[in-house]
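Predicted model follows, preceded by the sequence.
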Amino acid sequence: MLALALATAGCAADTSAPARAAAGFHAAVAAHREEAACAMLTRKTADKLPDPGQGCADALRELRLGAGGGLVSVSLWGDDAQVRLAGDTLFLHRFSDGWRVRAAGCRPMGDLPYECEVED
Amino acid sequence: MRWLKENALALAFLVMFLLAVGGQAVAGLLQFNDTQLAEGGEPISFFRYVASSSFAVDVAENWQSEYLQFFLFIMLTVWLVQKGSPESKRPGREGAESDEEQQIGRHAEAGSPAWARVGGLRLWLFSNSLGLVMGGVFVLSWLAQSVAGQAAYNSERLGDLRDPVSWWSYVTSAEFWNRSLQNWQSELLAVLSMVALSIYLRQRGSPESKPVGAPHSATGVEG
């Protein structure tokens, strides 16, 4: 049981994949490839982002997210991850086709949920 | 056939345990996937679920409380008695009892286990082996609950866009103690019920009960 618990606790988890996904999202935003950045969001987040009659890419462009910056840390628990970059904190979820961004442009609010420019 | 009959009690509980834990895995998977879909995630396979922290914490939190229950029952009944209960020794026999009563050392009998005949560490270990194993499994299960629980809790927190917490923060959190105490209270109530109700109630033929005609005041008598 303890071995199972340790195995499931993510002790040897690969944190590079969510880090790459977070960096890729910010790289796409910085390069004004908003369509590509929208494709890296979870479906729920991409659906919620635009106002009525607006597309995801236009909504993302309007937000003018700041630069992501270098990788600071990654916390990975189960199928969820938090990636801290120098200029942003992102939350990601693992799907069968890879990691997708659930929330970006996030500011900490103490122990309360982060306030994010992009979230589901 | 004779072997089956002589081991029927353990086998019956083993089969019921396997059916129950299998049922828990299936029901837990369905509930987990229902939540995943509601939150925009994807359903996971049976094998991924039984290897997940979510399943591990649910199993471990129940295991630790069961082993704690039996550990406490085994240890407290050495020193504490309950007049009229078949689960208790007779008043006046509190404590570890004499070597003669425990059939150890030179009082060992022909069929006594080998470590009951010797002295020193081996005799001490064998004399306390039941409590040590029950207590040991309790500690390991509780530790497993804390490790798997932290993983499951942090996954939930990340899903809520909150920071994950350290192991120490988790084991001092309301979540961890709520999971632990809600199991402990039910186990302690069950033992209390068994000790107290067996004073006045009977189950004919069960060794956990006094004989039907035994007086309510009779202690340590099993049917």
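Arrived safely, thanks for sending. Numbering: from 1, shown residues only, chains lettered A, B, ... in the order given.

what's the distance between the helix or strand that contains residue B:136 and the middle of its chain?
According to DSSP states H and E, residue B:136 maps onto helix B:129-159. Taking CA atoms, centre = their mean, to the nearest Å, one finds the center of helix B:129-159 at 13 Å from the center of the full chain.

ok, now stretch B:112-131?
23 Å.

Contacts for stretch B:22-39 next, please.
For stretch B:22-39, the external contacting residues (CB atoms under 8 Å, 6 or more residues apart in numbering or on different chains) are A:44, B:42-44, B:46, B:49-50, B:52, B:54-55, B:58-59, B:159. For every residue, glycine as well, the C-beta is placed using N, CA and C.

go with 10 Å
For stretch B:22-39, contacts defined as CB atoms under 10 Å, 6 or more residues apart in numbering or on different chains pick out A:42, A:44, A:79, A:93, A:102, A:120, B:41-50, B:52, B:54-55, B:58-59, B:62, B:156, B:159.

Alpha carbons of the helix ranked longest in chain A, as CSV, please.
For chain A, the helix with the greatest residue count under DSSP state H is helix A:16-30. What follows is helix A:16-30 as a C-alpha-only set of coordinates in CSV (Å, rounded to 0.1, in the frame of the first residue of the first chain):
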residue,chain,number,x,y,z
SER,A,16,9.3,18.5,-18.6
ALA,A,17,6.2,17.9,-20.7
PRO,A,18,3.9,20.5,-18.9
ALA,A,19,6.9,22.9,-18.8
ARG,A,20,7.2,22.6,-22.6
ALA,A,21,3.5,23.0,-23.1
ALA,A,22,3.5,26.2,-21.0
ALA,A,23,6.5,27.6,-22.8
GLY,A,24,5.0,26.7,-26.1
PHE,A,25,1.8,28.6,-25.3
HIS,A,26,3.7,31.7,-24.3
ALA,A,27,5.9,31.5,-27.3
ALA,A,28,2.9,31.3,-29.6
VAL,A,29,1.3,34.4,-27.9
ALA,A,30,4.6,36.3,-28.1
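
now the longest strand anywhere in chain A against helix B:129-159, angle please.
As assigned by DSSP state E, the longest strand anywhere in chain A is strand A:98-109. Computed with axes from the mean of the first three to the mean of the last three CA atoms, to 10 degrees, the direction of strand A:98-109 lies at 80 degrees from that of helix B:129-159.

Local confidence estimate at residue B:9?
For residue B:9, the pLDDT comes out at 96.

Tell me where the model's unsure across chain B.
B:223 (pLDDT under 70).

Tell me which stretches of it form helices.
B:2-6, B:8-38, B:46-50, B:53-79, B:99-102, B:114-117, B:120-127, B:129-159, B:167-171, B:174-200.

closest to residue A:13 out of these?
helix B:129-159 (9.8 Å; CB to CB).

Could you tell me the angle between that closest one and helix B:8-38?
Orientation check (the same axes, to 10 degrees): helix B:129-159 against helix B:8-38 gives 10 degrees.

wait, what's in contact with residue 111?
I went with chain A, as the question did not name one. Contacts here follow CB under 10 Å, 6+ apart; on that basis residue A:111 touches B:157, B:162-163, B:165.

The intended chain is chain B.
residue B:103.

And for residue A:28?
Applying CB under 10 Å, 6+ apart, the residues near residue A:28 are A:34-40, A:60.

Same check on residue B:91?
Here residue B:91 is in contact with B:81-83, B:219-220 (CB under 10 Å, 6+ apart).

thinking again about what came up before, next, the angle helix B:174-200 makes with the helix holding residue B:136.
Here helix B:129-159 runs at an angle of 140 degrees relative to helix B:174-200 (the same axes, to 10 degrees).

what's the nearest residue to residue A:49 if we skip its chain neighbours?
residue A:59 (4.7 Å; CB to CB, 6 or more residues apart in numbering or on different chains).

whoops, residue A:20 was the one
residue A:99 (7.9 Å).

beta partners of the one you found?
Counting by DSSP bridges, residue A:99 forms beta bridges with residue A:94.

can you pull the contacts of it?
For residue A:99, the contact set (CB under 10 Å, 6+ apart) comprises A:17-22, A:24-25, A:40, A:42, A:76, A:79-81, A:83, A:90, A:92-93.

Could you list the low-pLDDT ranges of chain A?
A:1-12.

which residues touch the spatially most central residue of it?
The C-alpha lying nearest the average C-alpha coordinate of chain A belongs to residue A:101 (CA atoms, centre = their mean; 3.2 Å). Contacts were defined as CB under 10 Å, 6+ apart; by that measure residue A:101 touches A:18, A:21-22, A:24-26, A:37-38, A:40-42, A:45-46, A:83, A:90-93, A:118-120.

Now the spatially most distant residue from the centre of chain B. Nearest residue, chain neighbours left out?
The C-alpha centroid of chain B is most remote from residue B:40, which lies 37.7 Å away (CA atoms, centre = their mean). Among residues not flanking residue B:40 along the chain, residue A:44 sits closest, at 3.5 Å (CB to CB, 6+ apart).

Much appreciated, bye for now.
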